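A.B. asks: how would this look folded up:
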Amino acid sequence: MKLSGRRPDEVPTRVLDWGTIKWLVSPDLDPGAGLTTGEVVVYPGQGHAPHLHPDDQEVIYVISGEGVQTVGEDAPAFPIKAGDAVYIPANTMHSTFNTTWQPLRLVVVYTPGGAYKAVDELPDVRILEPGVAPTWKQDR
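C.D. replies: Numbering: from 1, shown residues only. The predicted structure is shown next:
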């Protein structure tokens, strides 16, 4: 097996209304990988709808920014900020929301690593080629 590193500008960017995702390690990119790792940027004042991953556990590590996180269907939101880690068991409803004017940057890890494929099936996702920067829309 050939081992190598990968830079964010070498992989496609998934662009959604609420932010962007770059998968850096996945079973598709790295045959035999048993997990998926990516960087997620949640735009200021945005967040993703509550959802779950039936077969994957998830860990969220906050690189920078602040927001609120939910874990559990009726659980209250709790604050997250740089340095925090959040564990989300498989089949558990969760959501993330950026509460500030700065981007919320996250590292996400899924295991066993298949949940990332669901993003490409969302109706509002656009996939940009490696090296193409997404544009942010401005509220007016």
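
A.B. asks: not counting sequence-adjacent ones, nearest residue to the residue sitting nearest the centre point of the chain?
C.D. replies: The chain has V40 as the residue nearest its centroid, 3.9 Å off, counting by Cα atoms, centre = their mean. What sits nearest to V40 in space, not counting adjacent residues and going by Cβ to Cβ, 6 or more residues apart in numbering, is L106, at 4.4 Å. In short, each C-beta sits where N, CA and C put it, glycine included.

A.B. asks: could you do S26 as well?
C.D. replies: T36 (4.4 Å).

A.B. asks: repeat that for V25.
C.D. replies: T37 (4.3 Å).

A.B. asks: strand partners of whichever strand or helix holds that neighbour, parallel vs antiparallel please.
C.D. replies: Here T37 sits within strand 36-42, counting by DSSP states H and E. In the sheet, strand 36-42 lines up against strand 19-25 (antiparallel), strand 104-111 (antiparallel) (DSSP bridges).
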